[in-house]
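Engineer: any chance you can model this:
(2 chains)
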2 protein chains.
Amino acid sequence: MPEDICVVGSLAVDTIETPSGRADDVLGGSCAYFAVAASFFAPVNLVGVVGSDFPDSERRFLETCGINLQGMTTVEGSTFRWTGRYHEDMNVRDTLDLQLNVFGDFQPHIPEDYRDSSFVFLANIQPSLQSDVLSQLAAPSLIGADTMDHWIAQNREELIGLLSDIQLLSINDAEAMQLSGCTNVVAAAREILAMGPETVLIKRGEYGVIQFAADDVFAVPAFPLEHVKDPTGAGDCFAGGLFGSLAAAGEVNRKTLRRAIVHGSVLASFAVEDFSLNRLKALDREQIDGRFSQFMALTDFHS
Amino acid sequence: MPEDICVVGSLAVDTIETPSGRADDVLGGSCAYFAVAASFFAPVNLVGVVGSDFPDSERRFLETCGINLQGMTTVEGSTFRWTGRYHEDMNVRDTLDLQLNVFGDFQPHIPEDYRDSSFVFLANIQPSLQSDVLSQLAAPSLIGADTMDHWIAQNREELIGLLSDIQLLSINDAEAMQLSGCTNVVAAAREILAMGPETVLIKRGEYGVIQFAADDVFAVPAFPLEHVKDPTGAGDCFAGGLFGSLAAAGEVNRKTLRRAIVHGSVLASFAVEDFSLNRLKALDREQIDGRFSQFMALTDFHS
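Structural biologist: Below you'll find the model as predicted:
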C-alpha cells in the first residue's frame, strides 16, 4: 500500500503562449501539476482554493485521477489567473497578467482526514502559509517544499524558518543561487543544506536535476526532447512524480530517492510535450515505465 | 596493446586570468591538452608547430608523458600566444590578445611513422588543414574532429566537406546551434548527423555531455566541482580522454564509446581544477579510475 501524499499549493486558470502555440483558460497551478503527476503512483490529498468559476470539467478530471478534493475549497469569486508568454528560448518567460483573486486570501485548512498523511509537499506559496500547514499535520515522515524568487527576496526570514522544518527542498538553479548567494552549484547546495533540509534538489531545466545530501550527490540529465510545447509546471510535475514514487516505495533511502528523482524527471518530460496538463491526461503507467527504461538506456555506462 | 592516436592541433603559450587567479606564459593549445589527456591511456603521436621560444621544460613534460614529438616542428620565431580573461561566470571569456606567430603558417606534415595511426583526432584548426591531414594518413579506423565558431562562420563549405569524411564530431552547444541553425539540441544533432558524422558529441560545460548517433543517445552530467580554477582546455581534455579510452579498448562500439565519454569527462573534470595542464601533471591512473568510480556513484539508479 503506497503512503498518502498531502499537497498544498495554487490552483489556477492559465493562458499560455509559447513558440508552439497558445492555450486559453487551461488548468494550471503548482498544486494541480503536482497532484496529477503524483496520482500515477499514490493517493493524493489536495489542499487549495478555487473560485466559483473553476470549470466543472477540470474538477472532474482531478477526481478521475483519484485525487481527494475534500481540501479543495470553492470561494465565491474568480480563480487565480496567470497569463504568460514564453520566448523562443523557452527558459525565458514574461508574465503578461496575474490576478490572485480568491487565492489572495488563501488560508490553507487541512481536513481531518488528511492529518495523518505521511508525505507532505508544500508547493510554491508564501512560506508562512507553508509553515502553518505543517502545524496542522500530525507527524509526517517526509516534508518537501518548493519556493520562488519572490519569497526568497521578500520573505527570506519566514523561508529560512521553514527550511529547518523540512527534509527536502526542490528549487531551480537560479533560486538556489539567490537563496545561497553562491554562483557555484556545489557551494550553493552546501549552504542550503546548512539551513536545514537533508536533501536539496536543484532543477536545471533541459539539463536535468542534481541532488545533494550531506554524503551523497546524484545527477540525472533531462530526457532529450525535440519538441517542447509548454514548459509550464515541469518543476511541479517533477516534484509530483518524485513524491509519488517515494510514497509508492513507502520509505526514503538512497535507492528509492534516486529512482524517485528519475520518476520525477519522467513526469516532467511528458508534461512539457503539450500545453497545461493535456499530455498527463493521456498518460498511463505503461508509458511512464517505458520512459523510465529509456532513462536507463540514456544514462547507462555501467553494464 | 592500445591503438596509436594521432592528434593535430595548436600548441600555445597562454596567459590566463580567472576569478581564481592568474597564470603567465603557461602551456596551452588544443593539441597539448588533448595529447596529455590521451597519454594516460594510449600512445600519442603529436603533430604541431612551436616557435624557437617554446620552453624546453614543456617539451620535456610532453616527452615524459610518452607523447611522440617527431611531428612537432620547431620554427624560428615565436610560439602561438593567447591571453584571455574569464568572467565571474566562467562560461564567458574575453580574448585580450592573440598572436598566431609561427602557427599562422602551419602546414601539418605527418611523419612516416605516424601514417598508420588508427585513431586520428583533428583538433580545432582550419578545416582545410584538417582535410589535408586526412589525405596524408593510410586508413584510420576512427577520425574525430573539433572546430570553433570562427570556422563555422568563415569556412563553412570547407567544414561541411570535412564532416563527410569523419566519424565523430566533438563540439560545444553554441557551436552545434550555429552549425545546424537549430536551437533545440536534439534537432541540432539530427541536422549535424545528416552532414556526415556517425556520432556527435555536444559538450555542455558544467552540465555535461550528450552524445547522439543514428540509433542511440547517451547523456552524462559533468562532475560537480566546487572549485574551478581554469576552464581552458576542458573540451580538448574531454576529447583526449575519450580517444585515449577508445584506443585502449581497441574498438568502437556502444559500450566502449559510453565508457570513453565518461573517461573524457573525468579528464576534463581534473583539468579545470588547476591552471593550464598543472593538474594533469600531478595526475595518475589510480586517480582517474577513482573518479570514474565516482561518476558511477553520481549517476547510478540502476542497482
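Engineer: wait, A:L137 touches A:C6, no?
Structural biologist: Yes. If you go by C-beta atoms under 8 Å, A:L137 and A:C6 touch, sitting 7.1 Å apart. Heads up, the C-betas are built off the backbone N, CA and C, glycines and all.
Engineer: with neighbour numbers in mind, choose between those two.
Structural biologist: A:C6 (29 against 17; other C-beta atoms under 10 Å in any protein chain shown).
Engineer: check contacts around the residue nearest to that one when sequence neighbours are not counted.
Structural biologist: Closest residue to A:C6 apart from its sequence neighbours, by C-beta to C-beta, 6 or more residues apart in numbering or on different chains: A:S117 at 3.6 Å. Contact analysis of A:S117 by C-beta atoms under 8 Å, 6 or more residues apart in numbering or on different chains lists A:3-6, A:45, A:137, A:140.
Engineer: which of those residues sit farthest apart?
Structural biologist: Longest distance between any two of the contacts of A:S117 is 13.2 Å, between A:E3 and A:L137; criterion C-beta to C-beta.
Engineer: I figured A:I5 hits A:V47, correct?
Structural biologist: No. Under the criterion of C-beta under 8 Å, A:I5 is not in contact with A:V47, lying 11.1 Å apart.
Engineer: these two: which has the busier surroundings?
Structural biologist: Between A:I5 and A:V47, counted using other C-beta under 10 Å, the more crowded position is A:I5 (32 against 29).
Engineer: hey, what's the more buried one bridged with?
Structural biologist: A:V44, A:F119 (DSSP bridges).
Engineer: for it, give me the pLDDT.
Structural biologist: If you check A:I5, the pLDDT there is 97.
Engineer: and it, how far is that from B:P43?
Structural biologist: 57 Å (C-beta to C-beta, to the nearest Å).
Engineer: what sits closest to A:L62 if chain neighbours are left out?
Structural biologist: A:L69 (6.1 Å).
Engineer: can you check A:C31 too?
Structural biologist: Leaving aside its sequence neighbours, A:C31 sits nearest to A:G9 (C-beta to C-beta, 6+ apart; 3.3 Å).
Engineer: give the contact list for that neighbour.
Structural biologist: Shown in contact with A:G9 (C-beta under 8 Å, 6+ apart): A:29-31, A:34, A:47-48, A:121-125, A:146, A:236.
Engineer: check A:S269 too.
Structural biologist: Neighbours of A:S269 in contact, by C-beta under 8 Å, 6+ apart: A:222-223, A:225, A:291.
Engineer: just these that are near chain B?
Structural biologist: A:L225 (C-beta under 8 Å from any C-beta of the partner chain).
Engineer: buried ones from the contacts of A:S269, can you make that a PyMOL selection?
Structural biologist: Command for PyMOL that selects the buried part of the contacts of A:S269, burial taken from 16 or more other C-beta atoms under 10 Å in any protein chain shown:
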select buried, chain A and resi 222+223+291
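Engineer: where do the helices sit along the stretch 201-303 of chain A?
Structural biologist: Counting by DSSP state H, counting those that start in this stretch, one finds helices in the stretch 201-303 of chain A at the ranges A:234-249, A:254-271, A:278-281, A:285-299.
Engineer: tabulate these (CSV), appending mean pLDDT and distance to B:E191.
Structural biologist: What follows is those, written out as CSV (pLDDT from 0 to 100; distance: least, C-beta to C-beta, whole Å):
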stretch, mean pLDDT, distance to B:E191
helix A:234-249, 98, 25
helix A:254-271, 98, 22
helix A:278-281, 98, 26
helix A:285-299, 97, 20
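Engineer: return the most buried member of those helices.
Structural biologist: A comparison of the helices of the stretch 201-303 of chain A by mean neighbour count, using mean count of other C-beta atoms under 10 Å in any protein chain shown, puts helix A:234-249 on top with a mean of 28.
Engineer: is there proximity between it and chain B?
Structural biologist: No. Figure legend: helix A:234-249 not in contact with chain B (C-beta under 8 Å from any C-beta); closest approach 11.0 Å.
Engineer: packing partners of that helix?
Structural biologist: Packing partners of helix A:234-249 (3 or more C-beta pairs under 8 Å, 6 or more residues apart in numbering or on different chains; DSSP states H and E): strand A:5-8, helix A:30-38, strand A:119-122, strand A:142-145, strand A:168-172, strand A:199-203, helix A:254-271.
Engineer: now it, how far from the centre of its chain.
Structural biologist: 8 Å (C-alpha atoms, centre = their mean, to the nearest Å).
Engineer: may I have that helix exported as PDB, CA atoms only?
Structural biologist: Output of helix A:234-249 as PDB, limited to C-alpha atoms (Å, rounded to 0.1, in the frame of the first residue of the first chain):
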ATOM      1  CA  ALA A 234       7.500  21.000 -15.400                       C
ATOM      2  CA  GLY A 235       9.100  21.500 -11.900                       C
ATOM      3  CA  ASP A 236       5.800  20.700 -10.200                       C
ATOM      4  CA  CYS A 237       5.400  17.600 -12.200                       C
ATOM      5  CA  PHE A 238       8.900  16.700 -11.300                       C
ATOM      6  CA  ALA A 239       8.100  17.000  -7.600                       C
ATOM      7  CA  GLY A 240       4.800  15.200  -8.000                       C
ATOM      8  CA  GLY A 241       6.500  12.200  -9.800                       C
ATOM      9  CA  LEU A 242       9.200  12.200  -7.100                       C
ATOM     10  CA  PHE A 243       6.800  12.200  -4.200                       C
ATOM     11  CA  GLY A 244       4.500   9.700  -5.800                       C
ATOM     12  CA  SER A 245       7.400   7.300  -6.400                       C
ATOM     13  CA  LEU A 246       8.600   7.700  -2.800                       C
ATOM     14  CA  ALA A 247       5.100   7.200  -1.400                       C
ATOM     15  CA  ALA A 248       4.700   4.100  -3.500                       C
ATOM     16  CA  ALA A 249       8.100   2.800  -2.300                       C
END
